[in-house]
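Visitor: Okay, sequence plus prediction incoming.
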Amino acid sequence: MSKKIVQDIIPPEERTIRRIPLPKNREPIASIEEPTKNWRRPSFSNTLKKFRGLRWLIVILIAGLIFGLLFLRSKAEIVITPKEETHNIEGNFVAERIGHIKEAESIPFEIVKLSEDLTKEATSIGEEAVERKASGEIIVYNKHSGSPQTLVANTRFETPEGLIFRTKEAISVPGMTTKNGEKIPGQIKVRVYADKAGEGYNIGLKDFTIPGFKNLPQYNNFFARSVGEMKGGFIGKVKKVDEKDLSVIQEELHTKLEQTLRENILTQVPEDFVLIPQSLNISFESLPNQESEEGGKVIVRERGLINGFILKKDVLEKTIISRILNDQEKVAVAGWKNARFLSDESAAEDLLVFDFDLEGEIKLIWTIDTEALKNDLAGQSKKSLETIFSKYSGIETAEAKIKPFWKSSFPQNAQKIKVEVISPLSNN
């Protein structure tokens, strides 16, 4: 047996990519170094801990931001139910025309009026001779003084051409006023009628003088201007309607006119006045019939007029409250529906003073100074609510909400406090 040499017992060399010889024209790639003995792969638990810490930091920052925003947007809402009472009233009151007030306890009044026209077609039964006077509205101005001027019924107004128009009723022209240093003439609107019948008085816009003031200081400072055309003047023959048919048509138109007038007069009452419903007076006037485009037909025309007293609301309320309550609390009248105004006077244009009775139920409601309440609450603790509310005798009940919910005091800024008054006279 032959001897085994050393190379015979050494295993053949294992081939790896590291030992493949490179071509002579290629540079060797830098060897991949073995990791150092001190380096360790980060563990999953350490990474998770760092992630959790970062997450909580973000949560804290977001929570702080939200808290800050809520703090800046803190606000409060107060809902108040004011004190209300119903009282019976029965008494006599005196009213004086605005511009003619002499007594301090009188209630200022004015007259409100309105007119409406309605028409209906009817069958003609022939012709009749008629004479009609033109009419129209004018505005009378007072630049003479600050005192009102009464003009009697049938006062004449003259155009530059010498045509005379007259009022049918007396009027009171208010005195002039001063605003920002400028004198503003007093004025009143009134309907005037031509002195004579005929088409010659059918005229356009005109200026008018008052002949009755001639040679007096008032002549140059009392004048009038027409609102629209003067029309309706006519002499001649027109188609007529049977008397019975005409009566039926007029009654129908009057019924419709009364309903319309009662509804529309309310739109003429200023917010600071109260209308006395029982004072409303309605009258009707037959206007000249017009020929219809349809042959044998006539257009029947009727005009309705309504007027009534309106009283200065704040003065009336103050007078009523002073008779019901002895103290000077801030109270307003919330309901008139069950009260009745009784007076024998009609709303005549020349009326300067009248008395009336008022009886029935009046609903009173206490008013709350919401701005003062906001200032009292600003910056105060919620625990002091009862003490603050006790200063306001007009509060029946109150409920407060502060946002965000964890705040125990009201915002320092009073404008961030909203007060809502649950009543017909809410003034929040």
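Guide: Perfect, thanks for sending it.
Visitor: sec struct for the nearest residue to residue 291 once chain neighbours are set aside, please.
Guide: Excluding the flanking residues, the one nearest residue 291 by Cβ to Cβ, 6 or more residues apart in numbering is residue 239, at 6.0 Å. Where C-beta positions appear, they are placed from N, C-alpha and C, glycine not excepted. For residue 239, the assignment made with DSSP: H, G, I helix; E, B strand; the rest coil gives strand.
Visitor: Number of residues surrounding residue 239?
Guide: Residue 239 has 19 neighbouring residues, counting by other Cβ atoms under 10 Å.
Visitor: and it, what is it in contact with?
Guide: With contact taken as Cβ atoms under 8 Å, 6 or more residues apart in numbering, residue 239 is in contact with 124, 126, 127, 289, 291, 298.
Visitor: Could you report the neighbour count for the last one?
Guide: Here the number of neighbours of residue 298 (other Cβ under 10 Å) works out to 23.
Visitor: quick one, phi psi at residue 118?
Guide: Note on residue 118: its backbone torsions stand at phi -140, psi 150 [degrees, to the nearest 10].
Visitor: before we move on, what SS does the nearest residue to it once chain neighbours are set aside have?
Guide: Leaving aside its sequence neighbours, residue 118 sits nearest to residue 253 (Cβ to Cβ, 6+ apart; 4.7 Å). Under three-state DSSP, the three-state class of residue 253 is helix.
Visitor: wait, residue 253 sits on residue 302?
Guide: Yes: using Cβ atoms under 8 Å, residue 253 and residue 302 qualify as a contacting pair, with a distance of 4.2 Å.
Visitor: list residues touching both of the two?
Guide: Common neighbours of residue 253 and residue 302 (criterion: Cβ under 8 Å, 6+ apart): 118, 119.
Visitor: Okay, and the beta partners of the residue nearest to residue 291?
Guide: Per DSSP bridges, the residues bridged to residue 239 are residue 127.
Visitor: And it, how close does it get to residue 288?
Guide: Residue 239 sits at a distance of 11 Å from residue 288 (criterion: Cβ to Cβ, to the nearest Å).
Visitor: same check, this time on residue 193
Guide: Residue 193 is 13 Å from residue 288, by Cβ to Cβ.
Visitor: Comparing those two, which residue is more hemmed in?
Guide: It is residue 193, of residue 193 and residue 288, that has more neighbours when counted by other Cβ under 10 Å, with 19 against 15.
Visitor: Surely the more buried one is in contact with residue 168?
Guide: Yes: between residue 193 and residue 168 there is a contact under Cβ under 8 Å: 6.5 Å.
Visitor: and residue 383, what are its phi and psi?
Guide: phi -70, psi -20.
Visitor: Quick check: closest non-adjacent residue to it.
Guide: Take residue 383 and drop its neighbours on the chain: the residue closest to it by Cβ to Cβ, 6+ apart is residue 408, 7.7 Å away.
Visitor: That neighbour: neighbour count?
Guide: 9.
Visitor: just checking, it touches residue 380?
Guide: No: Residue 408 lies out of contact with residue 380 (Cβ under 8 Å); the separation is 10.3 Å.
Visitor: Ends of stretch 197-216, what's the gap?
Guide: Counting by Cα to Cα, to the nearest Å, you get 30 Å between the two ends of stretch 197-216.
Visitor: buried sites along that stretch?
Guide: 197, 201, 203, 206, 208, 209, 210, 212, 213 (16 or more other Cβ atoms under 10 Å).
Visitor: neighbouring contacts of that stretch?
Guide: The contact list for stretch 197-216, computed with Cβ under 8 Å, 6+ apart, reads 131-134, 138, 151, 155-160, 163-165, 194-195, 218-219, 222-226, 228-235.
Visitor: Would you mind measuring from residue 300 to residue 288?
Guide: Counting by Cβ to Cβ, the gap from residue 300 to residue 288 is 10 Å.
Visitor: returning to what we had before: just put the buried residues of stretch 197-216 in CSV and tack on pLDDT.
Guide: Converted to CSV, the buried residues of stretch 197-216 look like this (pLDDT from 0 to 100):
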residue, pLDDT
197, 95
201, 96
203, 95
206, 95
208, 97
209, 96
210, 96
212, 94
213, 94
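Visitor: Inside strands: which ones of those?
Guide: Here DSSP state E is the test, and the buried residues of stretch 197-216 give 197, 208, 209 as lying in strands.
Visitor: Now flag whichever of the residues you listed is closest to residue 108.
Guide: Using Cβ to Cβ, residue 208 is the member of those that lies nearest residue 108, at 29.2 Å.
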